[in-house]
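In: the amino acid sequence is not available; the structure is as follows:
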């Protein structure tokens, strides 16, 4: 039984046990050789809160029969109910802006794919994407998120710009993580380059003589890390370490690929083909159809064109 079949069987069994109004999602993180777990998202229709549950290899990754799938579903349901009870408490109810402002973070999503839900979510257009906001809590190593909805802003009596500025200032909640990367068979394979952000930047500096260095940028939790695209200061630090502008490939809502622009030997059309293939593979977590460039000189992001790479 291949992984996609396991996922389908898992979701069907989850609906049998919890109800048809529940769905399971499986965000595509970087494939690391030392990782043997699967992140499962469980969300009830009509609710803005989704719960992430982790299954290790013995619980799901190698499962090939209905009995073991049921065992994994049972564990997920137990964890879901426990965490859902936590989310019903005061941490994420968001009764006032003062209660949540230190836990607000940005997230990015594809605009076209989310037109219906965006009617209910405060957001800002960003190229073919949107920036929206999450209440983000980490307890005992587990991450909990709730999407900010229009009713929250009404209750908090704040403007959208206030939420944006507050969320952008909370990067320490989910610090950026950079890893070295390669694309192989339409899959992204990554390897750590440091334990702290400072070490990661120093490692990038040491790679300047490499022929084709590529990096993936996400965050500590691995959730919604593509939001780093809107942080010009962060991208500026990375571009300075590269001593170069950055070609940016939007892999999905959780991560982006960075390539020093002078090392790029691939046309924008070919990179768009790569993005198109990744978007098909990462159905449900697609971010953008475009390729971007962060200009080291003016510290700004724009849509990349072939003119950016003319001598």
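Out: Great, that's in hand. Note that the structure is predicted; figures quoted are calculated from it, not measured.
In: my read is residue 101 is in a strand, agree?
Out: No. Applying DSSP: H, G, I helix; E, B strand; the rest coil, one finds residue 101 to be helix, outside a strand.
In: longest helix in this structure, by residue count?
Out: helix 66-87 (DSSP state H).
In: can you give the contact residues for it?
Out: Helix 66-87 has contacts (C-beta atoms under 8 Å, 6 or more residues apart in numbering) with 6, 9-10, 13-14, 17-18, 24, 40, 42, 49, 51, 53, 55, 59-60, 63, 139, 142, 144, 146. Using the backbone N, CA and C atoms, a C-beta is placed for each residue, glycine as well.
In: in helices, which of those residues appear?
Out: Those of the contacts of helix 66-87 lying in helices (DSSP H): 6, 9, 10, 13, 14, 17, 18.
In: nearest to residue 277, of those residues?
Out: residue 6 (22.5 Å; C-beta to C-beta).
In: report how many residues lie close to the closest one.
Out: Around residue 6 there are 20 other residues, counting by other C-beta atoms under 10 Å.
In: quick one: the helices in the stretch 101-250 of the chain, in order.
Out: Applying DSSP state H, counting those that start in this stretch to the stretch 101-250 of the chain gives helices spanning 150-156, 160-168, 197-206, 232-242.
In: strands along the stretch 151-300 of the chain, start to end?
Out: Using DSSP state E, counting those that start in this stretch, the strands found in the stretch 151-300 of the chain span residues 176-184, 187-192, 215-219, 246-252, 255-260, 292-295, 300-303.
In: which strand residues bridge residue 215?
Out: Per DSSP bridges, the residues bridged to residue 215 are residue 180, residue 258.
In: give me the buried entries from the ones in helices among the contacts of helix 66-87.
Out: 6, 9, 10, 13, 14, 18 (16 or more other C-beta atoms under 10 Å).
In: how far away is the residue nearest to the fourth one when sequence neighbours are not counted from residue 79?
Out: Think residue 13. Closest residue to residue 13 apart from its sequence neighbours, by C-beta to C-beta, 6 or more residues apart in numbering: residue 73 at 4.7 Å. With distances taken as C-beta to C-beta, to the nearest Å, residue 73 is found 11 Å from residue 79.
In: ramachandran coordinates for the spatially most central residue of the chain?
Out: Nearest residue to the geometric centre of the chain (C-alpha atoms, centre = their mean): residue 254, 1.5 Å. The phi and psi values for residue 254, taken as degrees, to the nearest 10, are phi -100, psi -20.
In: ok, the spatially closest residue to it that is not a sequence neighbour - contacts?
Out: Leaving aside its sequence neighbours, residue 254 sits nearest to residue 225 (C-beta to C-beta, 6+ apart; 5.1 Å). By C-beta under 8 Å, 6+ apart, residue 225 lies in contact with 174, 176, 177, 217, 218, 219, 254, 255, 256.
In: closest one of the residues you listed to residue 109?
Out: residue 254 (11.0 Å).
In: isn't the closest one right up against residue 223?
Out: Yes. At 6.3 Å, residue 254 and residue 223 qualify as touching, with contact defined as C-beta atoms under 8 Å.
In: looking at this structure, which helix or strand is least sure?
Out: strand 49-56 (a mean of 76; mean pLDDT, DSSP states H and E).
In: so how many other residues sit close to the closest residue to residue 7 other than its chain neighbours?
Out: Of all residues not flanking residue 7 in the chain, residue 26 sits nearest, at 5.4 Å (C-beta to C-beta, 6+ apart). A count of neighbours around residue 26, defined by other C-beta under 10 Å, yields 17.
In: and the gap between residue 26 and residue 209?
Out: Taken as C-beta to C-beta, the span from residue 26 to residue 209 is 38 Å.
In: same check, this time on residue 24
Out: From residue 24 across to residue 209, the span is 45 Å (C-beta to C-beta).
In: these two - which one has more neighbours?
Out: Ranked by neighbour count (other C-beta under 10 Å), residue 24 and residue 209 place residue 24 first, with 21 against 6.
In: nearest residue to that one in space, please, no chain neighbours.
Out: residue 11 (4.2 Å).
In: what's the answer for residue 157, then?
Out: Closest to residue 157 by C-beta to C-beta, 6+ apart is residue 97, at 7.5 Å.
In: wait, doesn't that neighbour sit right on residue 154?
Out: No. The criterion here is C-beta under 8 Å, and residue 97 misses it with residue 154 at 11.2 Å.
In: the more surrounded of the two?
Out: Set residue 97 next to residue 154 and count neighbours by other C-beta under 10 Å: residue 97 wins out with 17 against 10.
In: and the more buried one, what does it touch?
Out: 156, 157, 158.
In: with distance to residue 198 and pLDDT added, can I get the residues you listed in TSV?
Out: As requested, these are exported to TSV (distance: C-beta to C-beta, whole Å; pLDDT from 0 to 100):
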residue	distance to residue 198	pLDDT
156	35	92
157	39	94
158	34	96
